[in-house]
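**Student:** How does the following fold in three dimensions:
(one chain, ligands or ions: 1)
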Amino acid sequence: MLQISGLTYRYPNATDIQLSVPAFSLDKGEHAIIIGPSGCGKSTLLHLLAAILSPQQGKVHVAGVDLRTLSPRVADAWRGSTVGFLPQKLALVPSLTVGENLLVAAYANGRTADAGRAGDVLRALGLGEKINAKPHQLSQGQQQRVAIARALFNRPALLLADEPTANLDDDACAAVIDLLKAQARDNGASLVIATHDARVLTALPAAKVLRLERLARETA
Ligand code: ADP
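**Tutor:** Numbers count the residues shown, from 1 in each chain. Coordinates of the predicted model:
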């Protein structure tokens, strides 16, 4: 489902390479944890897997597609149909209801606004009662579940989560990892979690682990 080889990425305005991954692969339905200290390139790698960024060197294949061959426009369509992204900053639209937040994201991804699907996904996450609530009326944990529902709306083959356990206590950490695992399984998705939180390794013992180190910087 996912193959990486010889991958490097440098931001256009940067002098150093920010990310280097010699090789990594993941089968359909498997879990992966990308772990390493802050600034080592975890978010950058998630953005490469979602074809938001394109690498200068190396291969990234996801679900049979060579992401380097996609034009920006085709990449947008591919992402909308293949990838679910749970960002660290949830970015729910405060003026819209929970249900509308899902539908507007689906619309932005080129999908029809299927209100039935929104209700189904929210119910699966225990949020059926909250479909007409505004995000500020929900707890932080409920808002995160809305963002998980939004990521799952398009039945993605690949679910990417960026630091989903940041600022959570141990119980909430275990609960959110269990939830991501169950939702990935129920939706037939592979799951990739980027984190600096070692508790995620314990919560997902069968996951493949990709450890990133902070790359040496050139001195001025
Ligand atoms: P992590 O998610 O592991 O904290 P990031 O992927 O956010 O790491 O960042 C990796 C490196 O790339 C850091 O040195 C960071 O400062 C740098 N970086 C991140 N985003 C940009 C950007 N848009 N432009 C230039 N450098 C960036």
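**Student:** Please tell me how far the residue positioned nearest the centre of the chain sits from the ligand.
**Tutor:** Compute the mean C-alpha point of the chain, and by C-alpha atoms, centre = their mean the closest residue is Leu160, 2.0 Å away. Counting by C-beta to the nearest ligand atom, to the nearest Å, the gap from Leu160 to the ligand is 12 Å. Yep, even glycine has a C-beta here, placed from its N, CA and C like the rest.
**Student:** so which helix or strand takes in that residue?
**Tutor:** Using DSSP states H and E, Leu160 sits within strand 158-162.
**Student:** Who are the packing partners of that strand?
**Tutor:** Strand 158-162 makes packing contacts with helix 42-49, strand 83-86, helix 140-152, helix 170-186, strand 190-195 when contacts are defined by 3 or more C-beta pairs under 8 Å, 6 or more residues apart in numbering; DSSP states H and E.
**Student:** ok, now with 7 Å
**Tutor:** Here strand 158-162 touches helix 42-49, strand 83-86, strand 190-195, going by 3 or more C-beta pairs under 7 Å, 6 or more residues apart in numbering; DSSP states H and E.
**Student:** Tell me which of the ones you listed sits most buried.
**Tutor:** Highest mean neighbour count of these: strand 190-195, a mean of 25 (counted as mean count of other C-beta atoms under 10 Å).
**Student:** need the helices and strands packed on strand 158-162 in JSON lines with distance to the ligand and mean pLDDT, can you?
**Tutor:** As requested, the helices and strands packed on strand 158-162 are exported to JSON lines (distance: least, C-beta to the nearest ligand atom, whole Å; pLDDT from 0 to 100):
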{"stretch": "helix 42-49", "distance to the ligand": "3", "mean pLDDT": "97"}
{"stretch": "strand 83-86", "distance to the ligand": "14", "mean pLDDT": "95"}
{"stretch": "strand 190-195", "distance to the ligand": "6", "mean pLDDT": "97"}
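**Student:** As CSV, could you dump the C-alpha coordinates of stretch 145-164?
**Tutor:** Extracted in CSV, the C-alpha atoms of stretch 145-164 (Å, rounded to 0.1, in the frame of the first residue of the first chain):
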residue,chain,number,x,y,z
ARG,A,145,-13.4,12.8,17.2
VAL,A,146,-15.2,15.2,14.8
ALA,A,147,-11.9,15.7,13.0
ILE,A,148,-11.4,11.9,12.9
ALA,A,149,-14.9,11.6,11.4
ARG,A,150,-14.0,14.3,8.8
ALA,A,151,-10.8,12.3,7.9
LEU,A,152,-12.9,9.1,7.5
PHE,A,153,-15.7,10.7,5.5
ASN,A,154,-14.4,9.8,2.1
ARG,A,155,-13.5,6.2,3.1
PRO,A,156,-9.8,6.7,2.7
ALA,A,157,-7.4,3.9,2.0
LEU,A,158,-4.8,5.7,4.1
LEU,A,159,-5.4,7.5,7.4
LEU,A,160,-2.7,9.9,8.5
ALA,A,161,-2.7,11.3,12.0
ASP,A,162,-0.3,14.1,13.1
GLU,A,163,0.5,14.0,16.9
PRO,A,164,-3.0,12.8,17.8
